[in-house]
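Visitor: here are the coordinates; sequence isn't available:
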Ligand SMILES: C=C(O[C@@H]1C=C(C(=O)O)C=C[C@H]1O)C(=O)O
């Protein structure tokens with residue numbers, strides 16, 4: 001039996017500002033921050049890591065009774081025997097991590113929680129509270145980086161292999177991804193990226209897991225599972241088209257997506273899978289027959305919400321294991337698609353498209369699918385995004401779709417509201433030439449889709465001698 005002492009008191013401070021001030025010096029940092037409503041946990045330090053919560057007993061003390069939360073970041077393919085990629089290698093394989101200090105915001109207010117393996121005395125909490133109260137209002141910073149575009153021909157080959165597997169009947173759908181490398185002149189700061197994701201235009205849930213110098217972060221729109229008592233929620237999210245700032249055009253695109261047979265087929269694999277899993281573990285399963293549109297800043301998705309009541313005795317951790325990965329991020333059938341991904345993708349996805357979230361001491365909590373994310377260490381980083389391949393998919397369209405999805409995680413570098421990634425620079429003339437060679441300038445797609453390829457064009461100019469002071473000044477400050 002592990003006895004945990006958890007002391008919570010109300011906090012009259014902005015939790016993000018407090019986190020920015022307090023985070024320095026903590027090896028472990030965890031964030032699960034829903035932007036649409038206050039379900040927000042920002043954890044610092046590690047009190048304990050447990051393989052299961054079965055033997056944990058928590059004693060709640062202090063003037064507020066908030067459950068301690070255990071963060072849980074799980075890889076896309078935890079059983080993959082291939083070694084994790086260099087940056088992901090550093091993260092420990094732990095199931096439930098309880099931070100020492102947690103800043104909480106929920107519908108009851110803001111709180112400061114201190115967790116310990118021995119009784120927590122009020123003076124210790126007071127010290128953290130006093131510090132939190134001195135936190136200045138955060139500022140956003142634009143972060144300069146250079147983006148190395150991946151090769152279009154490698155992508156075409158990958159999609160070709162996926163389509164072959166579909167034609168041969170091995171899979172019906174496979175979700176393939178792209179990984180792009182980033183470089184910066186100074187080390188990436190998790191605080192800057194976090195603040196830009198929280199205060200910027202990205203929709204969804206902001207995730208951060210930092211372990212020593214390496215951090216994984218992003219902002220995902222996809223809920224995997226949420227449990228509150230016996231109420232369970234999940235989400236079928238698959239099928240994508242661009243968004244437009246013009247409302248009439250946006251509506252036309254949305255109607256086109258709702259009526260597009262290929263996107264509907266991609267979506268239905270996910271609906272069938274989630275309905276089947278809930279059908280085995282839950283009752284009163286409610287999954288609407290028709291999807292709706294989830295509007296995001298740059299794209300829109302087909303979305304079908306799923307609700308059910310959990311059978312007594314089934315817990316959130318096992319639901320997470322049964323649901324993840326859904327065909328939205330792997331394919332159909334799931335096992336065969338995972339095998340195909342191991343064979344086709346040149347890297348191990350690590351936490352990208354993994355199940356990341358928290359479970360509280362009462363067994364409630366939620367996991368999101370870690371999409372629109374990247375991993376960073378010092379001056380290098382990798383960003384990831386994928387898309388579903390089904391019969392009839394075209395490599396060029398999927399490449400552009402991924403470019404749009406990548407813009408969400410790349411918005412973490414934008415210190416200004418609504419800024420595009422125009423400050424991204426590519427300094428290597430070789431890479432720039434290679435990339436522009438692989439980008440078809442004739443391709444008639446919406447300007448929006450072209451934005452990432454344009455970055456390469458810009459860079460080619462720069463490497464030919466034109467230096468834009470904006471691109472070379474790392475961290476041009478911008479007050480909110
Ligand atoms: C795989 C990603 O997104 C997933 C794939 C989608 C699609 O293929 O249409 C849509 C939403 C997500 O479930 C990603 O963003 O990296």
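Guide: Arrived safely. None of the values given here were measured: they were computed from a predicted structure.
Visitor: any weak-confidence spans in the stretch 301-450 of the chain?
Guide: For the stretch 301-450 of the chain, the stretches flagged by pLDDT under 70 are 417-450.
Visitor: wait, the stretch 151-300 of the chain
Guide: Judged against pLDDT under 70, the stretch 151-300 of the chain has no low-scoring part.
Visitor: so which bits of it are right by the ligand?
Guide: Proximity of the stretch 151-300 of the chain to the ligand is confined to 175, 177, 222, 237, 238, 239, 240, 266 under the rule Cβ under 6 Å from any ligand atom. The C-beta positions use only the backbone N, C-alpha and C, and glycine is treated the same way.
Visitor: separation between the third one and residue 95?
Guide: The reference is to residue 222. Distance of residue 222 to residue 95, given as Cβ to Cβ, to the nearest Å: 21 Å.
Visitor: of the two, which one has the most company?
Guide: residue 222 (24 against 16; other Cβ atoms under 10 Å).
Visitor: check contacts around that one.
Guide: 204, 235, 237, 328, 368, 369, 371 (Cβ atoms under 8 Å, 6 or more residues apart in numbering).
Visitor: can you tell me the closest non-neighbouring residue to it?
Guide: With Cβ to Cβ, 6 or more residues apart in numbering as the criterion, residue 222 has its nearest non-adjacent residue at 4.1 Å, and that residue is residue 369.
Visitor: hmm, back to that, include distance to residue 410 and secondary structure when you put the residues of the stretch 151-300 of the chain next to the ligand into CSV, please.
Guide: Compiled in CSV, these are given as follows (distance: Cβ to Cβ, whole Å; DSSP: H, G, I helix; E, B strand; the rest coil):
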residue, distance to residue 410, secondary structure
175, 20, strand
177, 15, strand
222, 18, coil
237, 20, strand
238, 22, strand
239, 22, strand
240, 17, strand
266, 24, helix
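Visitor: farthest pair in the residues you listed?
Guide: 177 and 239 (16.7 Å; Cβ to Cβ).
Visitor: which of the two has more neighbours?
Guide: The residue with more neighbours, out of residue 177 and residue 239, is residue 239; 27 against 22, by other Cβ under 10 Å.
Visitor: from memory that one sits against residue 257, does it?
Guide: Yes. Counting by Cβ atoms under 8 Å, residue 239 touches residue 257, with 6.2 Å between them.
Visitor: give me the common contacts of those two.
Guide: By Cβ under 8 Å, 6+ apart, the residues touching both residue 239 and residue 257 are 263, 302.
Visitor: in contact with residue 291, which residues?
Guide: 236, 239, 258, 264, 267, 271, 302, 303, 304.
Visitor: the residues you listed in helices, which ones?
Guide: Of the contacts of residue 291, the ones assigned to helices by DSSP state H are 258, 264, 267, 271.
Visitor: out of those, which is nearest to residue 7?
Guide: Once Cβ to Cβ is applied, the member of the ones in helices among the contacts of residue 291 that ends up nearest residue 7 is residue 271, at 43.8 Å.
Visitor: neighbours of the closest one, just the number please.
Guide: By the criterion of other Cβ under 10 Å, residue 271 has 22 neighbours.
Visitor: which members of the contacts of residue 222 are positioned in strands?
Guide: Members of the contacts of residue 222 lying in strands (criterion: DSSP state E): 235, 237, 368, 369.
Visitor: next, count neighbours for the second one.
Guide: By the other Cβ under 10 Å criterion, the neighbourhood of residue 237 contains 25 residues.
Visitor: phi and psi next, for the nearest residue to it once chain neighbours are set aside.
Guide: Of all residues not flanking residue 237 in the chain, residue 222 sits nearest, at 4.8 Å (Cβ to Cβ, 6+ apart). Backbone geometry at residue 222, expressed as degrees, to the nearest 10, gives phi -100, psi 110.
Visitor: fine, thanks again, bye for now.
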